[in-house]
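In: Sharing a sequence plus its predicted fold:
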Amino acid sequence: MTTPTGLALLTDLYQLTMAFGYWKLQRSEQHAVFHLFFRKPPFAGGYAIAAGLAPAIDFLQSFRFESSDIDYLATLTGNDDRPLFDAGFLEYLAELRLTCDVDAMPEGTLAFAQEPLVRVRGPILQCQLLETALLNIINFQTLIATKASRISGVTAGEPVLEFGLRRAQGVDGGLAASRAAYLGGCAATSNVLAGKQFGIPVKGTHAHSWVMSFDDELESFAGYAEAMPNNCVFLVDTYDTLDGVRHAVEIGKRLRERGHEMVGIRLDSGDLAYLSIEARKMLDAGGFPQATIVASNDLDEHIIESLKGQGAKIAVWGVGTKLATAYDQPALGGVYKLGAMQQPDGSWQPKLKLSEQTAKTTIPGVLQVRRFEQQGTLVGDMIYDETSGIDSRESIVDVKDANRRKHFPPEATSTDLLVPVLRGGDLVSRPESIHESRSRATTELARLHPSVRRLMNPHEYPVGLEIGLHELREQMIRDRRWGSAS
Ligand SMILES: Nc1ncnc2c1ncn2[C@@H]1O[C@H](COP(=O)(O)OP(=O)(O)OP(=O)(O)O)[C@@H](O)[C@H]1O
Ligand SMILES: O=P(O)(O)OC[C@H]1O[C@H](OP(=O)(O)OP(=O)(O)O)[C@H](O)[C@@H]1O
Ligand SMILES: O=C(O)c1cccnc1
């Protein structure tokens, strides 16, 4: 993820055609509010970890059309070969500076379906121009942070190293994945540029090529130990894994005579449960009970859970492809939808998009999310309209099924999740370090009931609409479907 400067053109052309339309019809300054949310947690899981706000802020803060962008836009033509955009509009874009208000869930916050992760409020033309890039950034970061959280969640505190750069979706995808993986719970990355760029820990062992470049394995381990006595994790599976462990023990002893301690071994093929158990016995018997067993090879949360169930003696998990590419669900379907338009008197007119699928019918209003907690456990989230507030009944109505309701007891405490980020285009929140975001992800996850965290068929965490908002939405659906006479 390169630092986004001058990325105003990182958008779909239709955002600019709409922006042009708003400008031409003199509607560009009318205020609107948009919400960025997803409809289903990824990986058939029960939650997501909100991520991507820091790079989104970088994007927002550097948002402007450079003169070369304007020159390029001036070359675009319509189907009559005339310019697509008026010169006056291009001058407007050249001068444009963001004046929007942005509120968002801090990175590392647990997020559930239908909840806005980001809310953008301001001149509709500006809100529209931000849609594609915000989705691009937040969708991918949230997806990978969630994958990392699921993987780290099954290792019971044992470190997960992210090894995915070689299989990631390009340079930018690799950097973005390493950042989000750390935020979601990984302990370190093999990606050195990500380490430099984001200040996240880097770790590395060695590859088969090191072993293969020597005449035999023992000699290769000896060479590595000589070169790098303070970072010896020997990859033992190039020829025969258990022979490799024997060689590691032998070199470990020589290393100890020189005053160094081998860190451990890495397994990268075969039956990782069986081999780790055997390797553990050999390392212990050889005098290396502290030596760590690292494992890699197409791991994901399901294989790791299975390996743990088999009693594998693996203490560090190297996970690449399946993590950095979000292999089983390569995109989070986050969307950015209009919630309301401001009227000349300053009031907000809620807006709704209908769909055959109830879950796809949008939630109208200027939305905020309130999270309720009781005795250290999260009990449910309420989506409410900030302009109309919360009905005295602190209850929520399920978005998909109005018969499912939940009442929060008075002793439950609550917090609003969307916090101010930009006001009038200026940054108003203190930039957070990635370590703070990571620790939020870990702490919040611990407050989520294990039934919502489990990998398979998780329990659905209660998220619903505040009663007044639910009633407004129902009325708007009826009005749209049957006409306002209803
Ligand atoms: N005990 C186990 N239980 C469940 N899955 C395992 C176990 N041991 C290894 N695996 C996983 O099974 C898959 C086996 O991978 P693969 O077919 O590549 O075999 P391999 O022995 O690693 O061969 P290769 O030498 O080609 O890497 C990997 O995803 C690995 O993580
Ligand atoms: O398996 P992943 O989760 O993607 O983790 C990264 C993989 O990258 C390395 O393999 P390498 O590129 O040498 O390929 P190979 O081991 O699959 O042959 C390493 O040995 C891991 O197996
Ligand atoms: O350091 C490692 O062991 C490593 C790094 C990248 C990919 N696979 C393994």
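Out: Structure's in. What do you need? Every value quoted in this text rests on a predicted model; they were computed, and no experiment measured them. Numbers count the residues shown, from 1 in each chain. Ligands and ions are numbered 1, 2, ... in the order given.
In: got the contact list for Asp297?
Out: One correction, residue 297 is Asn, not Asp. By Cβ atoms under 8 Å, 6 or more residues apart in numbering, the contact set of Asn297 is Leu267, Asp268, Ser269, Leu272. Where C-beta positions appear, they are placed from N, C-alpha and C, glycine not excepted.
In: now the closest residue in space to the last one that isn't next to it in sequence: how far from Ala176?
Out: Okay, so that is Leu272. Counting by Cβ to Cβ, 6 or more residues apart in numbering, Ala295 is the residue found nearest to Leu272 once chain neighbours are left out, at 5.0 Å. Computed as Cβ to Cβ, to the nearest Å, the Ala295 to Ala176 distance reads 25 Å.
In: Over to Thr377?
Out: Counting by Cβ to Cβ, the gap from Thr377 to Ala176 is 32 Å.
In: Over to Val102?
Out: From Val102 over to Ala176 the distance is 20 Å, taken as Cβ to Cβ.
In: returning to that earlier point: for the contacts of Asn297, pick the one with the most neighbours.
Out: Leu272 (27 neighbours; other Cβ atoms under 10 Å).
In: Strand partners (parallel or antiparallel) of the strand or helix carrying Gly122?
Out: If you go by DSSP states H and E, Gly122 is part of strand 118-123. Paired strands of strand 118-123, with direction, are strand 31-37 (antiparallel), strand 101-104 (antiparallel) (DSSP bridges).
In: got these as TSV, with distance to ligand 2 columns?
Out: Putting the strands paired with strand 118-123 into TSV (distance: least, Cβ to the nearest ligand atom, whole Å) gives the following:
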stretch	distance to ligand 2
strand 31-37	30
strand 101-104	31
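In: Out of the ones you listed, flag the one nearest Leu60.
Out: Leu60 lies closest to strand 101-104 among those, at 6.6 Å (Cβ to Cβ).
In: Make sure the residue nearest to Leu272 is actually in contact with Asp268.
Out: Yes. Here Ala295 reaches Asp268: they are 7.5 Å apart, a contact under Cβ atoms under 8 Å.
In: Identify all contacting residues around stretch 418-425.
Out: Outside stretch 418-425, the residues that reach it (Cβ under 8 Å, 6+ apart) are 53, 57, 60, 97-106, 116, 118-119, 122, 367-369, 427-429.
In: can you pull the buried residues of it?
Out: Across stretch 418-425, burial judged by 16 or more other Cβ atoms under 10 Å covers Leu418, Val421, Leu422, Gly425.
In: Three-state assignment for the closest residue to Gln343 other than its chain neighbours, please.
Out: Once flanking residues are discounted, Gln343 sits nearest to Gln349: 5.5 Å by Cβ to Cβ, 6+ apart. Taking DSSP: H, G, I helix; E, B strand; the rest coil as the rule, one finds Gln349 in the strand state.
In: Got the confidence number for Gln349?
Out: In this model, Gln349 is scored at 97, pLDDT.
In: What is the neighbour count of it?
Out: 11.
In: for Phe214, same thing?
Out: Other residues near Phe214 come to 15 when the count uses other Cβ under 10 Å.
In: Go ahead and name everything in contact with the host helix or strand of Lys253.
Out: Lys253 belongs to helix 241-257 when assigned by DSSP H and E. Residues from elsewhere that reach helix 241-257 (Cβ under 8 Å, 6+ apart): 217-218, 221-222, 225, 229, 232, 234-238, 261-262, 265, 267, 269-270, 275, 278-279, 282-283, 286-288, 291.
In: Sort out which of those are buried, if you could.
Out: The neighbour count (16+ other Cβ under 10 Å) marks 217-218, 221-222, 225, 232, 234-238, 262, 265, 267, 275, 279, 282-283, 286, 288, 291 as buried among the contacts of helix 241-257.
In: Out of these, which sit inside helices?
Out: Counting by DSSP state H, the buried ones among the contacts of helix 241-257 place Glu217, Leu218, Phe221, Ala222, Ala225, Leu275, Ala279, Met282, Leu283 in helices.
In: Met262 is in contact with the last one, correct?
Out: No. Taking contacts as Cβ under 8 Å, Leu283 lies outside contact range of Met262: 9.1 Å.
In: got a list of what the residue in the chain positioned nearest to ligand 2 touches?
Out: At 2.7 Å from ligand 2, Gly320 is the closest residue in the chain, using Cβ to the nearest ligand atom. By Cβ under 8 Å, 6+ apart, the contact set of Gly320 is Glu162, Phe163, Gly164, Leu165, Arg166, Arg167, Ser296.
In: The fourth one: what's it in contact with?
Out: By Cβ under 8 Å, 6+ apart, Leu165 lies in contact with Gly174, Ala177, Ser178, Thr189, Ser190, Asn191, Ala194, Gly320, Ala324.
In: ok, it to ligand 1 distance?
Out: 19 Å (Cβ to the nearest ligand atom, to the nearest Å).
In: can you list the residues of the stretch 301-450 of the chain near ligand 1?
Out: Counting by Cβ under 6 Å from any ligand atom, the residues of the stretch 301-450 of the chain close to ligand 1 are Ile303, Ser306, Leu307, Gln310.
In: Okay, buried residues for the helix or strand harbouring the first one please.
Out: Using DSSP H and E, Ile303 sits within helix 301-309. Judged by neighbour count (16+ other Cβ under 10 Å), helix 301-309 contains these buried residues: Glu301, His302, Ile303, Ile304, Glu305, Leu307, Lys308.
In: what mean pLDDT does that helix have?
Out: Helix 301-309 comes out with an average pLDDT of 98.
In: Now Leu110, what are its backbone angles?
Out: When read as degrees, to the nearest 10, the backbone of Leu110 gives phi -70, psi 130.
In: Now the residue of the stretch 1-150 of the chain found nearest ligand 3: closest residue in space that isn't a chain neighbour?
Out: For the stretch 1-150 of the chain, the residue closest to ligand 3 is Ala148, as judged by Cβ to the nearest ligand atom, at 15.7 Å. Once flanking residues are discounted, Ala148 sits nearest to Gly184: 3.0 Å by Cβ to Cβ, 6+ apart.
In: Burial check on the one you found, number of neighbours?
Out: Gly184, neighbours per other Cβ under 10 Å, totals 33.
In: That one touches Ile144, doesn't it?
Out: Yes. Assessed by Cβ under 8 Å, Gly184 is found in contact with Ile144 at 6.7 Å.
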